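Engineer: Just a sequence and a predicted model for now, questions to come.
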Amino acid sequence: MTAPGYPTIREVVALDAMQVGSPRVVAGAEHLDRAVRWVHSSEVPDIASLLRGGELVLTTGIGLPADDDGIRAFVRELAEVGVSGLVVELGRRYPSTVPRVMAVAAEKLGLPLVELRRPTPFVQITEAVHARIVDAQLTELRATEEIHQRFTELSVEGAEPAEVVHQAAQLSGCPVVLENLGRKVLAFDAAGGRAEPLLDGWEQHSRQVRVTGRTGYDPDAGWLVTMVGARGQDWGRLLLRWPSDGPPPTRLTILVERAASTLALGRLIQRDEEGLERQLHGTLLAALLDHSLPVDEVALRARALGVTVDRRRLVGVVIRPLSRRADRDKSQADHAQSRDERDSARGDRDSADGRRRDGDKSEVTAMQARMRDLADAATQGVREAKLTGLTGVLDDHVVGVLLAVKSAADEDAALERFAAALRRGREEVLVAAGSGVDSLREARRSLVEARQVADAARHDTPSAVPVLRLPNVGLAGLLHLLRDEPRLQTFVERQLGGLLAYDAKHPRDPLLPTLRIYLESGRNKSIAAAAAHLSRPAFYERLARIGRVLDVDLDSVPACLSLHVALLAWEAIRSE
């Protein structure tokens with residue numbers, strides 16, 4: 001492998017100062033691409049103890065041992081210390097060729113051995129090689145200075161990620177890709193090449209690129225990688241394609257790290273600016289919901305933020321991630337199980353309590369970060385839809401938006417544009433909207449209605465409707481809104497209590513799933529049996545058992561209607 005800034009043995013042999021001696025490689029020809037860090041001439045046999053590795057050793061051999069074992073030891077010590085190669089000038093100690101024992105030992109140890117068949121001033125070789133090393137290092141230094149200057153300018157100018165990636169590709173001459181932690185490409189530059197080969201199957205390819213530490217090189221994949229993030233929160237990776245053999249030069253490592261710092265700083269500044277603005281938006285939304293500010297003052301402050309709410313059609317919107325509850329419950333269960341197993345093994349309950357508190361804090365922090373990201377996405381969605389409005393986090397579960405559209409005729413189209421922009425390239429979310437209103441004094445009603453629609457919607461099933469409105473929530477949504485009503489809970493217990501008690505005693509053979517399939521199949525027993533993957537006689541027997549447990553006729557339409565409503569209500573109650 002060639003170290004950056006250093007010539008190889010092959011290049012040194014080709015120098016004019018070396019060619020004067022009519023060089024011939026007698027051993028280690030397969031290792032001529034080894035880098036030469038320095039040149040050292042010596043005539044003492046124990047020179048290895050004074051070397052650090054990477055040196056090219058020049059000698060006439062006059063001080064070397066006369067016996068074969070001594071020569072073997074000399075070559076072995078040089079190889080062990082990591083010298084790049086050995087050059088022997090013939091004439092003084094060895095008239096026509098180096099000893100065969102020296103060549104055999106060098107070949108065996110993979111140490112390049114070169115003999116000079118004519119007298120050669122060693123000083124000229126030393127000067128030539130050192131000049132190459134110094135020139136390469138100066139070039140590297142100048143390139144590094146240019147990198148720092150270029151990315152400092154980009155940081156000051158607040159360059160967009162695409163421009164930072166473009167500059168990194170220009171300075172390196174290599175393809176550069178910026179991806180998020182989900183392996184989605186945020187920006188790229190193919191450095192003059194075609195984009196298709198670079199990005200085709202990117203996610204699968206990216207997951208195979210693995211490095212240790214924040215910055216590293218994967219020699220198998222050929223990518224130099226560094227993490228992108230600030231304040232202890234990474235949000236992406238910057239990857240540079242290095243097409244050559246051996247590790248990339250130091251300047252490219254500096255380049256990707258400086259580019260990553262510029263990207264992180266730009267996002268940090270942008271998020272801080274947008275974060276402050278969003279906080280003000282959130283304050284105004286909260287003021288509308290809790291009446292903490294007069295409506296006229298809210299309108300005045302909104303105008304100061306560039307959001308005109310006067311003489312506009314206002315629509316309250318609530319956004320939440322889909323499957324939030326299921327994901328959270330699963331995560332909590334997994335964490336609880338792993339903690340309990342560790343606690344049982346260690347018998348350290350106090351320590352377990354501390355870890356639980358830390359885990360709870362971590363979960364809350366993650367949830368808050370998720371809501372901030374969703375608020376960012378909502379703000380960007382408003383911009384992309386060419387709308388105006390107030391956007392802010394309402395609580396740890398939902399983001400609120402008060403959209404201002406030109407008229408009632410534009411309301412549906414504006415909501416669809418916003419929802420499409422919000423979902424583009426992001427996690428699946430539920431978007432619920434209240435009824436449009438014509439004044440800021442009525443905006444609270446629209447926001448509250450949007451929240452009720454979002455709460456009423458099923459938490460685990462994405463809707464085919466881009467924006468849910470009150471007519472979309474249906475019976476399941478109504479029952480979800482009434483889930484805390486004691487009379488509804490009493491109804492569920494009266495209808496399903498016996499079956500729930502039976503399933504609690506027979507967890508391996510529950511009957512409630514059978515009842516659900518039967519009711520959802522429109523009481524068609526043949527279809528239900530097929531859906532349950534049971535024979536019809538077996539399915540009929542289970543239905544008969546359910547009828548006996550509940551003391552109900554499952555062929556009765558009113559009875560099944562009551563059971564179906566109770567089942568939907570039970571699911572709504574359990575969803576919290």
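Structural biologist: All right, it came through fine.

Engineer: Quick one: the helices in the stretch 401-550 of the chain, in order.
Structural biologist: 411-423, 443-456, 474-481, 486-505, 512-520, 525-531, 536-550 (DSSP state H, counting those that start in this stretch).

Engineer: now for those helices, which one comes closest to residue 287?
Structural biologist: Nearest to residue 287 among those is helix 443-456; the distance by C-beta to C-beta comes to 9.7 Å. The C-beta positions use only the backbone N, C-alpha and C, and glycine is treated the same way.

Engineer: quick one: contacts of the closest one?
Structural biologist: 285, 288-289, 291, 309, 314-320, 394, 398, 400, 402, 430, 432-437, 468-470, 472-473, 476-478, 480-481 (C-beta atoms under 8 Å, 6 or more residues apart in numbering).

Engineer: Kindly recompute the last result at 7 Å.
Structural biologist: Helix 443-456 is contacted from outside by 288-289, 314-318, 320, 398, 400, 402, 430, 432-437, 468-470, 473, 477-478, 480-481, using C-beta atoms under 7 Å, 6 or more residues apart in numbering.

Engineer: again with stretch 488-495
Structural biologist: By C-beta under 7 Å, 6+ apart, the list of residues contacting stretch 488-495 reads 482, 562-563, 566, 569-570, 573.

Engineer: remind me, longest helix of this protein?
Structural biologist: helix 250-290 (DSSP state H).

Engineer: which residue ranges form the strands in the stretch 101-250 of the chain?
Structural biologist: Along the stretch 101-250 of the chain, the stretches classed as strands by DSSP state E, counting those that start in this stretch are 113-116, 176-180, 185-189, 215-218, 223-230, 233-241.

Engineer: Could you spell out which stretches of this structure belong to which domain?
Structural biologist: As assigned by automatic domain parsing, the chain contains the domains 9-132, 158-269, 293-322+358-472, 481-574.

Engineer: what's the least confident stretch among those?
Structural biologist: For the domains of the chain, mean pLDDT drops lowest on domain 293-322+358-472, to a mean of 83.

Engineer: Show me how far that domain is from its chain's centre.
Structural biologist: How far domain 293-322+358-472 lies from its chain's middle: 26 Å, per C-alpha atoms, centre = their mean, to the nearest Å.

Engineer: Tell me how far residue 406 lies from residue 262.
Structural biologist: Counting by C-beta to C-beta, to the nearest Å, the gap from residue 406 to residue 262 is 40 Å.

Engineer: Revised request: answer the last question for residue 252.
Structural biologist: Using C-beta to C-beta, residue 252 is found at 15 Å from residue 262.

Engineer: who has more neighbours, those two?
Structural biologist: With neighbours defined as other C-beta atoms under 10 Å, residue 252 and residue 262 compare such that residue 262 has more, 27 against 22.

Engineer: Go ahead and confirm that one touches residue 154.
Structural biologist: Yes - in this structure, residue 262 is within contact of residue 154 by C-beta atoms under 7 Å, at 5.2 Å.

Engineer: Can you work out which residues contact both of the two?
Structural biologist: Common neighbours of residue 262 and residue 154, using C-beta under 7 Å, 6+ apart, are residue 164.

Engineer: quick one on the thing from earlier: give me whichever of the helices of the stretch 401-550 of the chain is most buried.
Structural biologist: helix 443-456 (a mean of 22; mean count of other C-beta atoms under 10 Å).

Engineer: Kindly tell me how buried residue 99 is, as a neighbour count.
Structural biologist: Count around residue 99 with other C-beta under 10 Å applied: 16.

Engineer: thought it was touching residue 71?
Structural biologist: Yes - contact criterion C-beta under 7 Å: residue 99 and residue 71 qualify, at 6.0 Å.

Engineer: which residue ranges form the helices in the stretch 1-150 of the chain?
Structural biologist: Secondary structure of the stretch 1-150 of the chain by DSSP H, counting those that start in this stretch: the helices cover 9-14, 16-19, 68-81, 100-109, 122-157.

Engineer: tell me the residue furthest from the middle of this protein?
Structural biologist: Most distant from the centre of the chain: residue 95, at 65.0 Å, with distances by C-alpha atoms, centre = their mean.

Engineer: Could you check how far that residue is from residue 89?
Structural biologist: 12 Å.

Engineer: do residue 35 as well
Structural biologist: Residue 35 is 22 Å from residue 89, by C-beta to C-beta.

Engineer: In terms of neighbours, single out the busier of those two.
Structural biologist: Comparing residue 35 with residue 89 by other C-beta under 10 Å, the one with more neighbours is residue 89, at 25 against 20.

Engineer: That one pairs with what?
Structural biologist: Residue 89 has the following beta-bridge partners by DSSP bridges: residue 116.

Engineer: Kindly report the same for residue 59.
Structural biologist: Assessed by DSSP bridges, residue 59 has beta-bridge partners residue 88.

Engineer: count of residues packed around it?
Structural biologist: By other C-beta under 10 Å, the residues close to residue 59 number 22.

Engineer: Give me the distance between residue 72 and residue 45.
Structural biologist: Going from residue 72 to residue 45 by C-beta to C-beta gives 12 Å.

Engineer: Break down the stretch 251-400 of the chain into its helices, ranges please.
Structural biologist: Ranges of helices within the stretch 251-400 of the chain are 295-304, 324-346, 349-384, based on DSSP H, counting those that start in this stretch.

Engineer: May I see the buried residues of the first one?
Structural biologist: Just to be clear, that refers to helix 295-304. By 16 or more other C-beta atoms under 10 Å, the buried positions in helix 295-304 come out as 295, 298-299, 301-302.

Engineer: Any chance of the residues you listed in CSV with distance to residue 507 as columns?
Structural biologist: Output for the buried residues of helix 295-304, formatted as CSV (distance: C-beta to C-beta, whole Å):
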residue, distance to residue 507
295, 55
298, 54
299, 58
301, 57
302, 55
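
Engineer: can you pull up the bridge partners for the closest residue to residue 235 other than its chain neighbours?
Structural biologist: Distances taken as C-beta to C-beta, 6 or more residues apart in numbering put residue 229 closest to residue 235, at 5.2 Å, once the chain neighbours are dropped. Per DSSP bridges, residues listed as beta-bridge partners of residue 229: residue 234.
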